[in-house]
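Trainee: give me a model of this one.
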Amino acid sequence: MRLTLPVLVLVAVMAMLMLRGYVHSEILADHRIRPEAASDRVPEKILDGGPVIDTRGGRTTSLRIPDHRLVLTFDDGPDPTWTPKVLDVLKKHHAHAVFFVTGTMTSRSPRLVRRMVAEGHEVGVHTFSHPDLSYQSKKRIDWELSQTQLAITGAAGIRTSLFRPPYSSFADAMDNRSWPVTRYIGSRGYITVVNNTDSEDWRKPGVDAIVRNATPHDGRGAIVLMHDSGGDRHQTVQALDRLIPQLQRRGYTFGNLTEVLNAPSAHTPVTGPDLWQGRAWISLVQAADGATDVLVAGLAVVGAAVLARFALMLWLSFVHARRVRRGSFSWGPPVTEPVSVLVPAYNEAKCIENTVRSLTASEHPVEILVVDDGSSDGTARIVEDLALPDVRVIRQTNAGKPAALNRGLAHARHDIVVMMDGDTVFEPATVGELVQPFGDPRVGAVAGNAKVGNRDSLIGAWQHIEYVMGFNLDRRMYDVLRCMPTIPGAVGAFRRTALERVGGMSDDTLAEDTDITMAIHRDGWRVVYAERARAWTEAPESVSQLWSQRYRWSYGTMQAIWKHRGALLDRGPSGRFGRVGLPLVSLFMVVAPLLAPLIDAFLLYGIVFGPTQKTIGAWLGVLAVQAVCAAYAFRLDRERMTHLVSLPLQQILYRQLMYVVLLQSWITALTGGRLRWQKLRRTGVVEAPGGGVDQAKGRQPA
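Mentor: Residues are numbered from 1 along each chain as shown. Purely as a prediction, here's the structure:
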């Protein structure tokens, strides 16, 4: 299910886009128009004959329209705006006409074709996607005919024997390129209908000119070419309302082609499987159009929300930086008392020495408690062999990170507790910077500035961008809004009282850091961000490891949101978090990323099928906005801008992985699946810049 469902969703979306593109003439459309050619192979009786050409059964005949009879024909529809207006005018003056419809427009507006037939008009085939058939193979011609008939059948339950080729004109314009097509069309059972009076409404010459062009001379009969689609047709509608009564007063009658020629109806009712096949086609097209419109509207809303979030994030990050960097800024009295640092460790043999030694170099007095959670690689023994002062090792059987932290909290001696991961390295000033906000008695927890230490690889550089832009810039915004959703497990500090009041660390979710942060908010405490409390953590170095980590993060975040959903109805600080923090986290960490792959699907579609330039321009515009945000975040964190070179590639590749991870988390949640902790493989290469750990030997330099 977790693999099949995403594949099925992707296939369904792409199939829907392809179907919509096909019926909107964006896929397989051919807009070439062949120039005039010689006509020496066209029979003279066709060139000199009438506008109705019958080549069925090997015949080569043409028919003229009787005097004082007029057949109004409308090409390229049905159009949802103009065709109803044309039908209204015809109904007003009790006139019939022939509508040569395209399959694309019929598929999209089937009710109008149904109305045409119901009101006594005739319908003809004008191909599916309006190509010049002289360029097409017989197989493509058959496809154009059959697909249009399928759409007409689905719309009105009929088939028609009338056909008008795209870009057609008078009979004397038939040439050596179009005549073979006309003969082939006849062999398929169709009568070809051209015209002998062109209103030239497609030029939009004005109502008077259209009426003048459409009026036959000397009472002769005519087939008049007009259009009910292809742009603004208000001149056509107005001209029609004037033309019909004017010619009726002159003795003209307006009828269908078969009425005028006193011939059997061009319509044949369709029943059985063919009818249901046509209806199924119309239903699929309507579903694809409707679903695409909903997706486009949803993406527009989400896109606007994301851009608004970028703007809000930049503004509030500026407000946060300006506030905490003022020389007069202070959280309160300096915090100088010792703190307890809890280091939960499970099989951290490769990096635990670097972690502990970085803590012993702290400028702030610390008590270090390494809680070994049943490691099998000698993690506890390595720490004990270091014999460092103020470092204690607490052993327990494997019970998970929350249990290890609670065990450490029970043995901690001080009122402020710092929590970090066993693969993380602190700078000497980190602890001191992290605990200063506790000078404000309202602060219950503090988020530090987690940084990627192993950023030299491409995947490490991508995570570095994500940490600086996506996490720390977010935390500045959430700090100002007082709804910080997560204290990072790599570097966070808590007031012991706050932890005890919410019951300590919980194993209800896989994101215990998000869970405890939300619980502290709901208990009425402030949660803030300390930008100078830097910690260097080892990020996953392979796709599989990154997948495991982010899968757990996203699923755990969803669990935490659901667990604390009651905050939406709370009052006070808990209600503020519930009505500000939870919606922001839900929208931008759970919902919006789930829809984001659709943006890439539309992007790919736009690049391949057009409009290519606009699509690429829009994508570059969004990338530029992200680049501005990333550059500002890097500037705030005083990071080198060189890593941003990989930002475009990150948006193309790395982002897709995050999409799939989130989708998998959704599926796990919806199917009731369970996800376990998965231990990441560490290399122990991370050290704090300027810190005193020899990376090659893992020892302090002599």
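
Trainee: and the helices in the stretch 251-400 of the chain?
Mentor: 257-260, 272-324, 352-360, 379-386 (DSSP state H, counting those that start in this stretch).

Trainee: CA atoms only for the top strand by length along the chain, dumped as CSV, please.
Mentor: Taking DSSP state E as the criterion, the chain has its longest strand at strand 526-537. C-alpha atoms of strand 526-537 as CSV (Å, rounded to 0.1, in the frame of the first residue of the first chain):
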residue,chain,number,x,y,z
ARG,A,526,7.1,30.9,26.5
VAL,A,527,9.4,29.1,24.1
VAL,A,528,12.1,31.2,22.5
TYR,A,529,15.1,30.9,20.1
ALA,A,530,18.7,31.6,21.0
GLU,A,531,20.5,32.2,17.7
ARG,A,532,24.0,32.2,19.2
ALA,A,533,23.6,28.9,20.9
ARG,A,534,25.2,26.9,18.0
ALA,A,535,25.4,23.1,17.9
TRP,A,536,27.0,21.1,15.2
THR,A,537,25.3,17.9,14.3
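
Trainee: tell me the strands beside that strand, with direction?
Mentor: Here strand 526-537 is paired, per DSSP bridges, with strand 424-426 (antiparallel), strand 443-452 (parallel).

Trainee: what angle sits between that strand and helix 272-324?
Mentor: Orientation check (axes from the mean of the first three to the mean of the last three CA atoms, to 10 degrees): strand 526-537 against helix 272-324 gives 100 degrees.

Trainee: buried ones in strand 526-537?
Mentor: For strand 526-537, the neighbour count (16 or more other CB atoms under 10 Å) marks 526-537 as buried. Backbone N, C-alpha and C define where each C-beta goes, glycine included.

Trainee: identify the spatial nearest neighbour of residue 497, chain neighbours not counted.
Mentor: Nearest residue to residue 497, sequence neighbours excluded (CB to CB, 6 or more residues apart in numbering): residue 415, at 7.3 Å.

Trainee: hang on, I meant residue 366
Mentor: Per CB to CB, 6+ apart, closest to residue 366 is residue 341, 5.0 Å.

Trainee: and the helix or strand where residue 665 lies, what does it pack onto?
Mentor: Assigned by DSSP states H and E, residue 665 falls within helix 655-670. Secondary-structure packing of helix 655-670 (3 or more CB pairs under 8 Å, 6 or more residues apart in numbering; DSSP states H and E): helix 4-23, helix 543-563, helix 592-609.

Trainee: what packs against the second one?
Mentor: With contacts defined as 3+ CB pairs under 8 Å, 6+ apart, helix 543-563 has these neighbours: helix 458-465, helix 512-522, helix 582-585, helix 655-670.

Trainee: next one: the second one to chain centre, how far?
Mentor: Distance of helix 512-522 from the chain centroid (CA atoms, centre = their mean, to the nearest Å) equals 31 Å.

Trainee: excluding residues flanking it in the chain, which one is nearest residue 636?
Mentor: Spatial nearest neighbour of residue 636, excluding adjacent residues (CB to CB, 6+ apart): residue 321 at 5.6 Å.

Trainee: swap that for residue 531, please
Mentor: For residue 531, the closest residue by CB to CB, 6+ apart turns out to be residue 449, at 5.4 Å.

Trainee: also residue 486?
Mentor: In space, and not counting its chain neighbours, residue 486 is closest to residue 514: 4.5 Å by CB to CB, 6+ apart.

Trainee: quick one: low-confidence residue ranges for this structure.
Mentor: 1-3, 5-6, 594-597, 610, 669-702 (pLDDT under 70).

Trainee: please identify the buried residues of stretch 234-242?
Mentor: So for stretch 234-242, counting by 16+ other CB under 10 Å, buried means 235-241.

Trainee: quick one: contacts of that stretch?
Mentor: Residues from elsewhere that reach stretch 234-242 (CB atoms under 8 Å, 6 or more residues apart in numbering): 72, 82, 85-86, 89-90, 92-93, 199, 201, 204-207, 210-211, 214, 226-228.

Trainee: quick one: distance of that stretch to the chain centre.
Mentor: Distance, centroid of stretch 234-242 to centroid of chain: 42 Å (CA atoms, centre = their mean).

Trainee: same thing with stretch 142-156?
Mentor: 32 Å.

Trainee: got the contact list for that stretch?
Mentor: In contact with stretch 142-156 (CB under 8 Å, 6+ apart) are residues 101-103, 106-107, 110-111, 113-114, 116-117, 123, 125-129, 131, 133, 136, 158-160, 163, 185, 188, 190, 270, 274-275, 277-283, 285.

Trainee: make it 7 Å
Mentor: 101-103, 106-107, 110, 113-114, 117, 123, 125, 127-129, 131, 158-160, 188, 270, 274-275, 277-279, 281-282 (CB atoms under 7 Å, 6 or more residues apart in numbering).

Trainee: can you select the buried ones from those in PyMOL?
Mentor: Entered in PyMOL, the line below selects the buried ones among those, by 16+ other CB under 10 Å:
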select buried, resi 101+102+103+106+107+110+113+114+117+123+125+127+128+129+131+158+159+160+270+278+279+281+282
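
Trainee: these two touch, right, residue 90 and residue 98?
Mentor: No - using CB atoms under 7 Å, residue 90 is not in contact with residue 98, being 11.1 Å away.

Trainee: those two: which has the busier surroundings?
Mentor: Neighbour comparison, residue 90 and residue 98: the larger count goes to residue 98, with 27 against 23 (by other CB atoms under 10 Å).

Trainee: which ones are touching the closest residue to residue 38 other than its chain neighbours?
Mentor: In space, and not counting its chain neighbours, residue 38 is closest to residue 176: 5.3 Å by CB to CB, 6+ apart. Residues counted as contacts of residue 176 (CB under 7 Å, 6+ apart) are 37-42.

Trainee: and what of residue 60?
Mentor: With CB under 7 Å, 6+ apart, residue 60 has these contacts: 43, 45-46.

Trainee: and it, how close does it get to residue 171?
Mentor: 12 Å (CB to CB, to the nearest Å).

Trainee: give the residues shared as contacts by the two.
Mentor: Contacts common to residue 60 and residue 171, judged by CB under 7 Å, 6+ apart, are residue 46.

Trainee: residue 578 touches residue 568, doesn't it?
Mentor: Yes - Residue 578 lies in contact with residue 568 (CB under 7 Å); the separation is 4.3 Å.

Trainee: more neighbours: which of those two?
Mentor: For the pair residue 578 and residue 568, the greater number of neighbours falls to residue 578 (22 against 13), based on other CB under 10 Å.

Trainee: quick check: the residue lying closest to the more buried one once chain neighbours are set aside vs residue 561, distance?
Mentor: In this structure, residue 578 finds its nearest non-sequential neighbour in residue 567, 2.8 Å apart by CB to CB, 6+ apart. Residue 567 sits 10 Å away from residue 561, going by CB to CB.

Trainee: please apply the same query to residue 579.
Mentor: Taking CB to CB, one finds residue 579 at 13 Å from residue 561.

Trainee: now residue 512
Mentor: Taken as CB to CB, the span from residue 512 to residue 561 is 14 Å.

Trainee: do the same with residue 259
Mentor: 67 Å.

Trainee: the more surrounded of those two?
Mentor: Taking neighbours as other CB under 10 Å, residue 259 and residue 561 compare with residue 561 leading, 23 against 17.

Trainee: and the buried residues of strand 526-537, which is closest to residue 428?
Mentor: Checking these against residue 428 by CB to CB gives residue 534 as the nearest, at 10.5 Å.

Trainee: test my guess that the closest one contacts residue 425.
Mentor: No - applying CB under 7 Å as the test, residue 534 and residue 425 come out as separate, 9.7 Å apart.

Trainee: burial count for residue 656?
Mentor: Neighbour number of residue 656 under other CB under 10 Å is 13.

Trainee: that'll do, ta.
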